[in-house]
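Student: Sequence and predicted structure, then a few things I'm wondering about:
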Amino acid sequence: MASIYSKSGKLYLSIYHKNQRVLKATNLDDTRKNRKLVENELLPNVLFQIQTNQIDIRPKEVKTVAYYAGLFLSTKKVTVKESTYIRYKGIIDNQILPTFGKRDISSIKVSELKRWFNHWIEVRSNTTAIYIANTFSMLFKEAFYDQEIEKNPFEHIRRPKKSQGTAKPFTVETMRMLIDSSEGWFQSFLALSFLTGLRTGEAVALKWEDIDFATQELEVKRSRRYGKDIDPKTAKSKRVVPIFDELMPYLREQHDRTADKSDYVFLSRHGTPFNDGNRIRDHHWKQLLKKVGLPYQRLYDTRSTFATMMLSSGKFSVNHIAQMMGHTTVDMLIHRYNKFIPSEIKKIDKSIGLFT
């Protein structure tokens with residue numbers, strides 16, 4: 001069975017053969033002359049080619065987003081560092097596959113991707129949303145190289161400017177209020193974060209073997225992301241951090257809670273280590289800020305608070321603080337946090353003769 005139909009002013013063939021439908025463009029304008037040409041010459045020729053197996057009408061294998069995600073990850077697993085691979089895999093598993101995994105990658109429209117991308121801009125920072133979109137774009141590149149698609153649809157989607165997180169430390173009074181307003185393990189978690197400057201991923205990866213109560217020191221050996229322990233952010237991030245007296249009671253209370261249950265210091269309600277800091281941020285931290293009537297601020301600013309407290313105290317060298325923070329250079333510490341220490345300027349003896 002065969003028929004001729006018109007679409008957008010062009011002629012097409014629709015042919016059924018052995019329960020398979022074959023659609024074929026003629027690239028001819030829909031005119032009376034061309035219809036006769038198609039009916040008398042082109043159509044019989046196509047039918048002959050199908051019957052003699054010169055045209056393969058077997059169903060085309062559908063290449064899904066999940067297929068290209070697997071191809072992409074298998075390559076990245078051996079070409080990028082582990083932490084980068086884990087981030088790619090986490091984005092693919094959590095943000096891409098649930099929505100698009102089973103879809104034929106060639107069927108996804110730009111309008112769908114724009115709606116999807118706008119969602120992540122609304123619920124995450126611009127920087128995170130861009131990273132998610134760029135990861136998906138790389139899957140489309142794999143399909144383009146495979147000649148499954150003619151163009152990467154992300155070329156039509158404009159990214160917003162990256163929003164770099166700006167340090168916004170809490171005052172000492174607000175810090176104490178936040179700790180006092182929290183309870184249980186989360187109170188210990190906040191005290192640790194505020195009083196050591198650990199990154200959230202470093203805090204959830206902390207194990208009891210890393211803490212020495214006798215010397216009042218803890219060792220940062222790892223971070224945690226997407227349910228897996230990984231190396232810290234940089235080589236300098238592996239460090240020894242002092243445990244100040246104020247933090248000791250909170251750690252001892254936490255020791256009583258989890259030391260006999262797990263190697264990890266902090267456990268989820270399921271008795272397992274946290275996959276990363278996302279649930280702590282999205283659930284416990286946001287709820288605490290709402291409870292005390294504070295506008296949203298990054299959980300990461302517990303680290304900013306530690307840095308400014310150390311600098312303001314005047315009791316530690318800049319180099320020592322940089323080491324405690326795990327910064328690569330002292331310049332990084334000064335660049336990020338010096339503007340929050342106006343009191344240091346006031347301490348300058350302005351009567352000093354510079355040239356005498």
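Tutor: Perfect, I can see it now.

Student: When you work out contacts or count neighbours from here on, use the C-alpha atoms and nothing else.
Tutor: Fine.

Student: Can you list the low-confidence ranges for the stretch 101-250 of the chain?
Tutor: By pLDDT under 70, the weakly predicted segments of the stretch 101-250 of the chain are 162-165.

Student: for it, what spans make up the strands?
Tutor: In the stretch 101-250 of the chain, the strands defined using DSSP state E, counting those that start in this stretch lie at 211-212, 217-220, 223-225, 228-230, 239-242.

Student: Show me what the second one pairs with in its sheet, parallel or antiparallel.
Tutor: Meaning strand 217-220. Sheet pairing of strand 217-220 (DSSP bridges) gives strand 211-212 (antiparallel), strand 239-242 (antiparallel).

Student: which other residues reach it?
Tutor: With CA atoms under 8 Å, 6 or more residues apart in numbering as the test, strand 217-220 has contacts from 202, 206, 210-212, 237-243.

Student: Which of those residues has the largest number of neighbours?
Tutor: Scoring the contacts of strand 217-220 on neighbours with other CA atoms under 10 Å, the highest-scoring entry is Glu202 at 26 neighbours.

Student: my read: that one touches Lys228, true?
Tutor: No - Glu202 is not in contact with Lys228 according to CA atoms under 8 Å; the separation is 11.8 Å.

Student: JSON lines for the strands paired with strand 217-220, including distance to Val123?
Tutor: Shown next, in JSON lines, are those (distance: least, CA to CA, whole Å):
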{"stretch": "strand 211-212", "distance to Val123": "36"}
{"stretch": "strand 239-242", "distance to Val123": "33"}
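
Student: Relative to Asp104, which of these is closest?
Tutor: strand 239-242 (47.1 Å; CA to CA).

Student: Just the CA coordinates for that closest one, please, in CSV.
Tutor: Extracted C-alpha coordinates of strand 239-242, given in CSV (Å, rounded to 0.1, in the frame of the first residue of the first chain):
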residue,chain,number,x,y,z
ARG,A,239,45.0,19.5,56.9
VAL,A,240,45.0,19.4,60.7
VAL,A,241,42.6,21.8,62.4
PRO,A,242,42.7,22.7,66.1
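
Student: Would you confirm that Ser14 belongs to a helix?
Tutor: No - counting by DSSP: H, G, I helix; E, B strand; the rest coil, one finds Ser14 to be strand, located in no helix.

Student: Now do the same contact list for Phe154.
Tutor: Going by CA under 8 Å, 6+ apart, Phe154 touches 110, 113, 137.

Student: on that earlier part again, possible to save the strands of the stretch 101-250 of the chain as CSV with distance to Lys102?
Tutor: Below are the strands of the stretch 101-250 of the chain laid out as CSV (distance: least, CA to CA, whole Å):
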stretch, distance to Lys102
strand 211-212, 46
strand 217-220, 40
strand 223-225, 26
strand 228-230, 26
strand 239-242, 44
